[in-house]
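S.K.: I would like the atomic coordinates for the input below:
(chains A, B, C and D)
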There are 2 protein chains.
Amino acid sequence: MSLTPAPAGAVRQGSLRELNLALVLGRIAAADRPPSRADLATATGLTRATVSAVVEDLLAGRLVSESDPAPRSGAGRPARGLVLADQGPAGLGLEVNVDYLAVCVVDLAGQVRHRTVHRADLRPVAPADALARLVEMAGAARDDAARHGLTLVGAALAVPGLVDDAGVVRLAPNLGWRDVPVPALLAEHPPLIEQVPGVPALTVDNEANLAALGELHSRPPGPSSFLHISGEVGIGAGIVLDGALFRGVRGWSGEIGHLPVHPEGQPCRCGGQGCLEQYAGQEAIVSAAGLARAELPADTATARLAELAEAGDANALRALHDAGTALGVAVASVVNLLDLDTVVLGGGYAALAPWLCPPVLAEISARVLTAAWSPVTVRPSTLGAEAAAVGAAGSVARRIIAQPAGWLARAD
Amino acid sequence: MSLTPAPAGAVRQGSLRELNLALVLGRIAAADRPPSRADLATATGLTRATVSAVVEDLLAGRLVSESDPAPRSGAGRPARGLVLADQGPAGLGLEVNVDYLAVCVVDLAGQVRHRTVHRADLRPVAPADALARLVEMAGAARDDAARHGLTLVGAALAVPGLVDDAGVVRLAPNLGWRDVPVPALLAEHPPLIEQVPGVPALTVDNEANLAALGELHSRPPGPSSFLHISGEVGIGAGIVLDGALFRGVRGWSGEIGHLPVHPEGQPCRCGGQGCLEQYAGQEAIVSAAGLARAELPADTATARLAELAEAGDANALRALHDAGTALGVAVASVVNLLDLDTVVLGGGYAALAPWLCPPVLAEISARVLTAAWSPVTVRPSTLGAEAAAVGAAGSVARRIIAQPAGWLARAD
DNA sequence: GCAAATAATTCAATCGCTGAACAAATACCA
DNA sequence: TGGTATTTGTTCAGCGATTGAATTATTTGC
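M.R.: Reported below is the predicted structural model:
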């Protein structure tokens, strides 16, 4: 989802305005202080007259509002600052995971305006039932959003598995889902969102991808190219290149958990051998640390591990070091291949970052040819739990910013 | 280099025409038969009136010309087919490699209109001298191109190494280059190209990247996302995503040769351990096959290897199988990560593809989670030797097609 | 030889950006 | 207190590019 407008086909008279609406709105979204119309004119290269006209459209459509004037120095008429509206369109984020359901609403500015988490073991629950619960939560979220003047214009659902173009969950191993037609199942419930041209009513995506998008849109803005690794039971990665999520040919990119780190090593349930997941997956770390291969929930296991490491437990420290080394081998492959300079550890890895980062960095500096010239940053995610749900909702909101014309064209 | 025009900043009245020029010209370039104005109108969504006006500009600027009408069925005024001009702007491709210099000229249609190769061991030659020889060859190429009515509007140089943003060759290990300021060295020679807005006079890039671009633009058009692996002394990869070369944050993507395939294996000159290059590099294959670690030129070694394998030599077959397996482990990593469905074996690997493909495919199907659902194609490159030079020249020509306004704006 | 069909051009209308002039609102200075 | 400089934002005539309908051009089929 790039912020630079890219017309797909013919460029007609009206496209001009569409593109400039997106350009100006994107600038307002990217600014760290409320810009004036004059600021926008110099920043975009448009004339002040054009910016005024464009801004008038944005104000009329409630996408932006005027804020208190930014503090100025020197003489002259004071500027009127422009900010993203805190009422208007918003995105609905949904997440089904192994041990929780999450729903959230994110506004244009990226603020999380609503958040509900329902903890439960979802493995024994039928997909249709899980989705029905999620819809129920989403209904409450919609009503809450409406009370704040927010209109839901699209939804994105994060699942821990592979999703095809049609939104069918082909395989979510840890959830036990296979070929679940999510869009069809959700279509049986009354719609919660207001259709807007250019914004899909529902997108279904891998949790790692959406968590990476959340990281991309978090404030303050970070780099526009990075690798986001979600370390849960499985290990997934979201690849962000030049400010856009890279999904691959079929949308199945980021399967970093099955990179072979010991090609002749232990067999993996994927059919391969020596996959990263066997060495740095949550179960591998937990059992290597000598904890009971318990049925304790994922987040508890991670917290316990961090506790032990904090206390200096030798087994835990060794387990984390070994996992970090394996992770580092895989990350070194990615960095060699894609020349990224930032790696974000998310999901369960975020809390373990203090112990994982050093061995990861060690492997990078040993194995990446170009690391000597320019360092690679490895850091924990800034988003907390349910990052995927937040990223999902944010991806909808960003869509409005990237293509405001659709929202403006709707009947008010 | 995407074909969809993407305005960076403000969209003004004139941008409209610029974008539609690119749109129409791109369609003409992508068509498999000469399209008529009416065809272009329906394909692009513009009106016939607009297409006529745009085509008039393109004809006046000698970017396209009218061809014999396409064979038609049915009644009606016959269409006038439009084809890319075989006179007009063209790209200059340059290549410095370990054992040859190459220069070529590619026109808008992607045809190689001139080609010169000078075989010599370049390792003992000082960079400035090597570039001077190249410039001499390029001068002859320019004169030859001019006789065919072609104007060189930009040059691209392929080198087997890492290049930074400024065009400085930071490290080309097999060539023995380090921190060679190519643009500065070339600036000492009289310019060979006519400057055109929007087309850089000189770009310097990794040979693997440019060979991948050559593959991208080869006819018939292949997939728009693929991995192109150049197997030479080193192993480099060009990553093409959605029709654009992915260069990474600093332009150093594609270092597939240093993916760890045996993390605790042999030390590599890069400082890592068990890098792919140690198992599937040209030297590794040659010595594993029992051939003298000879000083014989690279292409001879590859040819000899293919000969032996053809004859059923057990050592050669085993060496190729082992190399293919190592290559397959690395390729499986890439496919897991990027979800590509096409892998092209180029450079020295092209001739060895019959023996490399099977083990590569075997590793993919064993290690790639999604391979069961949709197969991955592994095939040799269609371009022959000096693919990088051809790709380099083609990248310049494509630039004109992507941004024709610059060429049209110049004084005729 | 004429009607039907398809291709390409012409032209008034319209849309949106530009540039310059103008109005608005403040700081600075005497 | 009043005037000037300065910056912001708006108004409006002008213009470039696309549109859509009408017109011209050229061929096939009957």
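
S.K.: for the residue of chain A found nearest DNA strand D, give me the pLDDT.
M.R.: Chain A approaches DNA strand D most closely through residue A:76 (2.2 Å), counting by Cβ to the nearest atom of the strand. For glycine as for every other residue, the C-beta is placed from the backbone atoms N, C-alpha and C. Listed pLDDT for residue A:76 reads 80.

S.K.: distance check, it against residue A:45.
M.R.: 22 Å (Cβ to Cβ, to the nearest Å).

S.K.: now residue A:280, nearest residue through space, not along the chain?
M.R.: residue A:323 (4.2 Å; Cβ to Cβ, 6 or more residues apart in numbering or on different chains).

S.K.: tell me how many other residues crowd the one you found.
M.R.: Residue A:323 has 27 neighbours, counted by other Cβ atoms under 10 Å in any protein chain shown.

S.K.: tell me the buried residues in the host helix or strand of it?
M.R.: Element membership of residue A:323 [criterion: DSSP states H and E] is helix A:314-338. For helix A:314-338, the neighbour count (16 or more other Cβ atoms under 10 Å in any protein chain shown) marks A:316-317, A:319-338 as buried.

S.K.: that helix to helix B:314-338, inter-axis angle?
M.R.: For helix A:314-338 against helix B:314-338, the angle by axes from the mean of the first three to the mean of the last three Cα atoms, to 10 degrees is 100 degrees.

S.K.: C-terminal to helix A:314-338, what's the next element?
M.R.: Immediately after helix A:314-338, counting by DSSP H and E, sits strand A:342-347.

S.K.: partner strands of that next one, with direction?
M.R.: Sheet pairing for strand A:342-347, assigned by DSSP bridges, gives strand A:226-231 (parallel), strand A:377-380 (parallel).

S.K.: so residue A:266 makes contact with residue A:274?
M.R.: Yes - contact status for residue A:266 versus residue A:274: in contact at 6.2 Å, counting by Cβ atoms under 8 Å.

S.K.: how much space is there between the closest residue to residue A:283 other than its chain neighbours and residue A:173?
M.R.: Ranked by Cβ to Cβ, 6+ apart and with sequence neighbours excluded, the top spatial neighbour of residue A:283 is residue A:233, at 6.6 Å. Residue A:233 sits 9 Å away from residue A:173, going by Cβ to Cβ.

S.K.: contacts only, for the closest residue in space to residue A:239 that isn't next to it in sequence.
M.R.: Leaving aside its chain neighbours, residue A:239 sits nearest to residue A:246 (4.5 Å; criterion: Cβ to Cβ, 6+ apart). When contacts are counted by Cβ atoms under 8 Å, 6 or more residues apart in numbering or on different chains, residue A:246 is found next to A:239-240, A:253, B:241, B:338.

S.K.: any chance of a ChimeraX selection covering the buried ones in those residues?
M.R.: Selecting only the buried members of these in ChimeraX, with burial defined as 16+ other Cβ under 10 Å, works like this:
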select /A:239,240,253 /B:241,338
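
S.K.: can you tell me which of the contacts of residue A:246 is closest to residue B:28?
M.R.: residue B:241 (24.5 Å; Cβ to Cβ).

S.K.: now for the worst-scoring helix or strand of chain A on mean pLDDT, which elements pack on it?
M.R.: Within chain A, no helix or strand scores below helix A:298-310, which has a mean of 85 by mean pLDDT, DSSP states H and E. Under the contact definition 3 or more Cβ pairs under 8 Å, 6 or more residues apart in numbering or on different chains; DSSP states H and E, helix A:298-310 sits against helix A:282-288, helix A:314-338, helix A:348-367.

S.K.: possible to save these as a markdown table with distance to residue B:33?
M.R.: Converted to a markdown table, the helices and strands packed on helix A:298-310 look like this (distance: least, Cβ to Cβ, whole Å):
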| stretch | distance to residue B:33 |
| --- | --- |
| helix A:282-288 | 56 |
| helix A:314-338 | 38 |
| helix A:348-367 | 50 |
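
S.K.: out of those helices, which comes closest to residue B:85?
M.R.: helix A:314-338 (37.7 Å).

S.K.: do you know how far residue A:397 is from residue A:196?
M.R.: Counting by Cβ to Cβ, the gap from residue A:397 to residue A:196 is 12 Å.

S.K.: using the three-state scheme, assign the residue with the largest distance to the centre of chain A.
M.R.: Farthest-out residue of chain A from its mean C-alpha position, per Cα atoms, centre = their mean: residue A:75, at 43.2 Å. Of the three states, residue A:75 takes coil according to DSSP: H, G, I helix; E, B strand; the rest coil.
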